[in-house]
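In: based on what follows, work out the 3D shape:
(chains A and B)
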2 protein chains.
Amino acid sequence: MYRIGVDLGGTNIAVGIVNEKLELVKKVSTPTGATRPGEEIVSDIAALCNKVCEEMGISLSDIASIGIATPGIANDDDGVVEYANNLPFKNFPIAALLRKDLGDNVTVKIANDANAAAWGEACAGAAKGTKNSVMITLGTGVGGGVVIDNKLLTGFNYAGGELGHIVIEIDGAQCSCGRKGCWEAYSSATALIRMTNEKIEECKKTGRKSLMLDAQKVSGRTACDCMRAGDEAAKEVYDKYIKYLASGIATIINIFQPEVISLGGGVSGEGQSLIDALLPIVRAEQYGGGVVPLTELRIAKLGNDAGIIGAAML
Amino acid sequence: MYRIGVDLGGTNIAVGIVNEKLELVKKVSTPTGATRPGEEIVSDIAALCNKVCEEMGISLSDIASIGIATPGIANDDDGVVEYANNLPFKNFPIAALLRKDLGDNVTVKIANDANAAAWGEACAGAAKGTKNSVMITLGTGVGGGVVIDNKLLTGFNYAGGELGHIVIEIDGAQCSCGRKGCWEAYSSATALIRMTNEKIEECKKTGRKSLMLDAQKVSGRTACDCMRAGDEAAKEVYDKYIKYLASGIATIINIFQPEVISLGGGVSGEGQSLIDALLPIVRAEQYGGGVVPLTELRIAKLGNDAGIIGAAML
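Out: I've put the predicted structure just below:
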């Protein structure tokens, strides 16, 4: 028996088949066309479901369930996306519409995309084998998903688990959500780029030398790369970024005490060196050290497929 | 059938009987003597259990279960207090020792005291009837307990739910836990007293008049009382306190989206005016406004009995 996972993003729709070993064995995709009516997007999802089955040489009747990872607030009880920031969904019955296209005997589950990715890592990735884990995605924003006793934390209204929007600095940097000082405004790749640019400006003003000044285009890797080449100003940027990221992680541990926290998204490409930089600060700041088993920090394993695999396993 | 709840504090041990309507119908207590060996404390708990049954005119065989609310990290699977800050417990098998005193056929459950209080409010208090709630205790510290799907959040190592120790201001005020900038360091009664004293010093230095200067002894109520009497400097203290408290509450909502957050502890004695001051800021900062049902803020109902009732219902 197979399952289908749908990763519905603002840019692309990716649909994949997951086998009983929880491996992604076939994947197809198409641009989302995020400004179209929602019904058209659902029609494309249905078409991709049929296509991926066809390419696999199976039929929809071989599929145990279809899961959709969607941006926004996903009410899985009703199969309704209550709201999505970057898609035309408001109180949008995505599950019912997909069943209308594919047949009423199809089971459709939905989840917020960050939650689905966390579920994927819990089922088949960095937190496999645990019952309590958190995934944090360090990309354009800071996404979070929390698994407690093998169940996704969604809150009573399905809007929970917004770990990027915990304030870590009152009156701090402006966040895209409207609050000031959110973790996302300090620990996303976007924030790392902002901190890098701020340091570059500072270097320009003060005449301080830095390899960062030679960067053609500043990215989330600029500070890391220059630091590794021995640049002091770049190390200051990276240390500051790590300090904020570690503080947020210690806070997440104090709240959830998960067995594993996995880090995904672009910044996690730094790999073990990122973990090594974070751990001393996290251990010093977290509750329970020296008394109870400690949360492990790991790099996420499933990359961009976490959402599809997590959605399939909903 | 009755249940017994034990609220084990650093100062007193309170033991009560809870009936089937979840009412506390009888209560006895004794000083803890927190520096004694743990075994002696357990013997006193056992004696209080017998005494409260005697006063009620029932026997231990009429008791369905005994629950203990204890400071520190309570491993309910093993009945062991892993560690407590203010009691001589380290890897302390409190449940087994109590069964040794009272008989092996007695069921003993344990929980952290803040968690037990949250469970009490969820079962019989301000969050009765909900499946997802958070209780925040604003006292000497900031305690927290989280109920998700009718189950207490403890984390994989039983040390979770430490909501007072989320950092809301990087490099901020020193917290008793060792971190800087914890919510507890801004939103406890202790913090409110510190902010009041700071403002009083400021008034003294600048010659600014304030009713707070007349306070015989500064307490958590000084700023509130003076503000209500029209004092501007006191209002600044209270507004600052509310701002930090509201920020933390909005963060808790963004993480958990509980149906109810109940506020307990000394500061919650302010009652509805506290809620009225918090709500505009919380609503402006929280995620999901205008789209999904919103978390209700309520004053906790059970007062000092929340721990006993919650422990009894474990």
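
In: tell me which stretches of chain A form strands.
Out: Along chain A, counting by DSSP state E, strands occupy A:2-8, A:12-18, A:24-31, A:63-70, A:73-75, A:80-83, A:90-92, A:108-112, A:133-138, A:142-148, A:151-152, A:260-264, A:296-299.

In: wait, which of those is closest to chain B?
Out: Evaluated with Cβ to the nearest Cβ, the strands of chain A place strand A:80-83 nearest to chain B, the distance being 4.2 Å. Placement of C-beta: from N, CA and C, glycine included.

In: who does that closest one pair up with?
Out: Note on strand A:80-83: by DSSP bridges, its sheet partners are strand A:73-75 (antiparallel), strand A:90-92 (antiparallel).

In: and the contacts of it?
Out: A:70, A:72-75, A:87, A:89-95, A:110, A:157-159, B:288, B:291-292 (Cβ atoms under 8 Å, 6 or more residues apart in numbering or on different chains).

In: go again using 7 Å as the cut-off
Out: Residues outside strand A:80-83 that contact it (Cβ atoms under 7 Å, 6 or more residues apart in numbering or on different chains): A:70, A:72-75, A:89-94, A:110, A:158, B:291-292.

In: repeat for stretch A:86-96
Out: A:10, A:34, A:37-38, A:42, A:68, A:70-72, A:79-83, A:108, A:110.

In: which parts of the stretch 51-200 of chain A sit against chain B?
Out: For the stretch 51-200 of chain A, the contact set with chain B under Cβ under 7 Å from any Cβ of the partner chain comprises A:73, A:82-83, A:132, A:148, A:153, A:155-163, A:165-170, A:177, A:179.

In: can I have the buried ones of those as a ChimeraX selection?
Out: Selecting just the buried residues from those in ChimeraX takes one command, with 16 or more other Cβ atoms under 10 Å in any protein chain shown as the test:
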select /A:73,82,83,132,148,153,155,156,157,158,159,160,161,162,163,165,166,167,168,169,170,177,179
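
In: among the residues of the stretch 51-200 of chain A next to chain B, which lie within helices?
Out: Judged by DSSP state H, helices contain none of these.

In: before we move on, the earlier item: counting neighbours, which of the contacts of stretch A:86-96 end up buried?
Out: Among the contacts of stretch A:86-96, the ones that count as buried by 16+ other Cβ under 10 Å are A:34, A:38, A:42, A:68, A:70-72, A:79-83, A:108, A:110.

In: closest residue of the stretch 51-200 of chain A to chain B?
Out: Distances between the stretch 51-200 of chain A and chain B by Cβ to the nearest Cβ are smallest at residue A:155, namely 2.5 Å.

In: so what's the residue count around the residue lying closest to that residue once chain neighbours are set aside?
Out: Among residues not flanking residue A:155 along the chain, residue B:257 sits closest, at 2.5 Å (Cβ to Cβ, 6 or more residues apart in numbering or on different chains). When neighbours are defined as other Cβ atoms under 10 Å in any protein chain shown, residue B:257 has 27 of them.

In: what pLDDT does residue B:257 get?
Out: What the model reports as pLDDT for residue B:257 is 98.

In: quick revisit: would you convert the strands paired with strand A:80-83 into JSON lines that also reports distance to residue B:115?
Out: JSON lines is the format used below for the strands paired with strand A:80-83 (distance: least, Cβ to Cβ, whole Å):
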{"stretch": "strand A:73-75", "distance to residue B:115": "28"}
{"stretch": "strand A:90-92", "distance to residue B:115": "36"}
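
In: which of these sits most buried?
Out: Of all these, strand A:73-75 carries the top mean neighbour count, a mean of 26, counting by mean count of other Cβ atoms under 10 Å in any protein chain shown.

In: which stretches of the stretch 201-314 of chain A form helices?
Out: Secondary structure of the stretch 201-314 of chain A by DSSP state H, counting those that start in this stretch: the helices cover A:222-228, A:232-256, A:272-285, A:306-312.

In: can you put those in CSV and add distance to chain B and mean neighbour count?
Out: Below are the helices of the stretch 201-314 of chain A laid out as CSV (distance: least, Cβ to the nearest Cβ, whole Å; neighbours: other Cβ atoms under 10 Å in any protein chain shown):
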stretch, distance to chain B, mean neighbour count
helix A:222-228, 19, 21
helix A:232-256, 4, 23
helix A:272-285, 5, 16
helix A:306-312, 19, 31
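
In: now the ones you listed as a markdown table including distance to residue A:138?
Out: As requested, the helices of the stretch 201-314 of chain A are exported to a markdown table (distance: least, Cβ to Cβ, whole Å):
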| stretch | distance to residue A:138 |
| --- | --- |
| helix A:222-228 | 12 |
| helix A:232-256 | 7 |
| helix A:272-285 | 9 |
| helix A:306-312 | 13 |
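
In: phi, psi of the closest residue to residue A:124 other than its chain neighbours?
Out: With sequence-adjacent residues excluded and distances taken as Cβ to Cβ, 6+ apart, residue A:124 is closest to residue A:22, at 3.9 Å. With angles defined as degrees, to the nearest 10, residue A:22 sits at phi 60, psi 30.

In: run a quick neighbour tally on residue A:22.
Out: Residues within reach of residue A:22, counting by other Cβ under 10 Å, total 16.

In: contacting residues around it?
Out: A:123-124, A:309, A:313.

In: for residue A:313, see how far away it is.
Out: Relative to residue A:313, residue A:22 is positioned 7 Å away (Cβ to Cβ, to the nearest Å).

In: overlap in contacts of the two?
Out: The contact sets of residue A:22 and residue A:313 overlap at residue A:123 (Cβ under 7 Å, 6+ apart).

In: the residue of the stretch 51-200 of chain A closest to chain B against residue B:260, yeah?
Out: No. Using Cβ atoms under 7 Å, residue A:155 makes no contact with residue B:260, being 11.8 Å away.

In: I'd like the distance between the nearest residue to residue A:197 once chain neighbours are set aside and residue A:241.
Out: Using Cβ to Cβ, 6+ apart and skipping residues adjacent in sequence, the residue nearest residue A:197 is residue A:218, 5.7 Å away. From residue A:218 across to residue A:241, the span is 13 Å (Cβ to Cβ).

In: number of residues surrounding the residue nearest to residue A:236 when sequence neighbours are not counted?
Out: Nearest residue to residue A:236, sequence neighbours excluded (Cβ to Cβ, 6+ apart): residue A:199, at 6.6 Å. Residue A:199 is flanked by 24 other residues according to other Cβ under 10 Å.

In: can you check the one 10 residues further on too?
Out: When neighbours are defined as other Cβ under 10 Å, residue A:209 has 10 of them.
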